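# Would you be able to build a 3D model of this:
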Amino acid sequence: MNNTSSLEMISTGRRQRRLRGMAVTSLLALLACVLSVSMLLLGNTIYSISDVIRVLFGEQVQGVSFAVNTIRLPRMLAGLLAGFAFGIGGCVFQTMLRNPLANPNVIGITSGSSAGAVFCIIILQADRMVISVASVVAGLATVIVIYLLSRGKVFSIGRLILIGIGLQAMLDAFISYFLLVGAQQDIPAALRWLTGSLNGTQMHELPPLIFTVLFFTPIVILLGKQLSILELGEQSAISLGVNTDKTRLGLILGSVCMIAIATATTGPIAFVAFLSGPIAKRLVGAGFLSLVPAGLVGVNLVLAADLLGQFAFDYRYPAGIITAIIGAPYLIFLLIHMNRKGDL
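Numbers count the residues shown, from 1 in each chain. Coordinates of the predicted model:
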């Protein structure tokens, strides 16, 4: 009887956690849809839903077609896809390394992609495709360097974070040097890119981001079960039959590619990868894989930040400035909290 009651309690708890996770995921998806529609409707001129739907189905509506197809739709899609990539990629790193500081913004991966892109913009004066390729290559190279230097005889999460922070400082110095020696006419484009913005996104720039998110998201989700086991620790994961090196390599490769392509498209929108995972985990609770919710949180953060930057102030600000205003205080709070717990 006791065993039966215990099994029923476990089954009930598992069902409740699954229902909560599914409900939260659905609400986040609904909010993302509302924000996406708002991106298409709002601007210097507010269009009706019927006009926007007609344009999306291929009908030519004077004044509306140009604004929606050329400006608002690419902007919305860039925010949606980049936000999802930042959110799910950041959650993978934080969960895999069991530390909220171990995200692409803090451990240098985003800086690696940024350094590659700024080098192409200022030194090579390259086009968007070359910038995207350089961003991905630089991001992957940064990950490889951090991983190899932190591995040693035994893989160390603390060593990885410290090496990543140091490498980030060095890469940021390179970026500052490129800005210092660059031609005057190229610096505004580089600074605009570094701020992280959806401004000026064109539809022809989106296919690499679309393909990357659609290709790597299923792979990362399929590895989600192993990701949960990795969170238990290296030795526990090995004892449960997980090939930690291959699993970690697959997760890192998928996450870095998504983050690097997103960074190349929109610039490094600050703190989205850092905030999405903790927010998603708090919302869905324990026992539910938080990768997709984290991606949706990232979508909502980017789209909401872009809308706030456009309409909430007297001047228009890029999305990256708004997310930085939100994320910086959280980072300070997290550092204080971790220091009090003795995790630093």
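
# show me what contacts the residue nearest to Gln168 when sequence neighbours are not counted?
Spatial nearest neighbour of Gln168, chain neighbours left out: Gly108 (3.6 Å); criterion: Cβ to Cβ, 6 or more residues apart in numbering. In this view, the C-beta of every residue, glycine as well, is placed from N, C-alpha and C. Taking Cβ atoms under 8 Å, 6 or more residues apart in numbering, we find Gly108 in contact with Thr142, Ile146, Gly164, Ile165, Gly166, Leu167, Gln168, Leu171.

# which of these lies closest to Ile122?
Leu171 (14.6 Å; Cβ to Cβ).

# show me what contacts the closest one?
Gly108, Ser111, Gly112, Ser114, Ala115, Thr142.

# Name the member of the residues you listed with the most neighbours.
Gly112 (30 neighbours; other Cβ atoms under 10 Å).

# I figured that residue hits Val136, correct?
No - between Gly112 and Val136 there is no contact under Cβ atoms under 8 Å: 10.1 Å.

# correct me, but Phe84 touches Leu296?
Yes - using Cβ under 8 Å, Phe84 is in contact with Leu296, at 7.1 Å.

# Go ahead and list the helix or strand containing the residue nearest the centre of the chain.
Centroid-nearest residue in the chain: Phe86, 0.6 Å away (criterion: Cα atoms, centre = their mean). In this assignment (DSSP states H and E), Phe86 forms part of helix 73-96.

# Just name whatever secondary elements that helix is in contact with.
Applying 3 or more Cβ pairs under 8 Å, 6 or more residues apart in numbering; DSSP states H and E, one finds that helix 73-96 contacts helix 2-41, helix 207-222, helix 224-230, helix 244-266, helix 272-284, helix 291-311.

# Out of those helices, which gets the lowest mean score?
The stretch with the lowest mean pLDDT among the helices and strands packed on helix 73-96 is helix 224-230, at a mean of 75.

# Could you list the buried residues of that helix?
Gly224, Gln226, Leu227, Ser228, Ile229, Leu230 (16 or more other Cβ atoms under 10 Å).

# And that helix, what does it pack against?
helix 73-96, helix 234-239, helix 244-266.

# Nearest to Val52 among the ones you listed would be which one?
helix 73-96 (9.2 Å).

# Next SSE downstream of that closest one?
helix 109-118.

# Now do the next helix or strand along the chain from that next one: which elements does it pack against?
Later in the chain than helix 109-118, the nearest helix or strand by DSSP H and E is helix 128-151. On a contact count with 3+ Cβ pairs under 8 Å, 6+ apart, helix 128-151 meets helix 109-118, helix 157-181, helix 244-266.

# Out of the ones you listed, the one nearest Pro208 is which?
Once the helices and strands packed on helix 128-151 are compared by Cβ to Cβ, helix 244-266 is nearest, at 5.5 Å.

# and Ile175, what pLDDT?
Ile175 is given a pLDDT of 88.

# can you start the count at 57 instead of 1 from here on
Sure, I'll start numbering at 57, so the last one becomes Ile231.

# Leu347 and Arg396: what is the separation?
29 Å (Cβ to Cβ, to the nearest Å).
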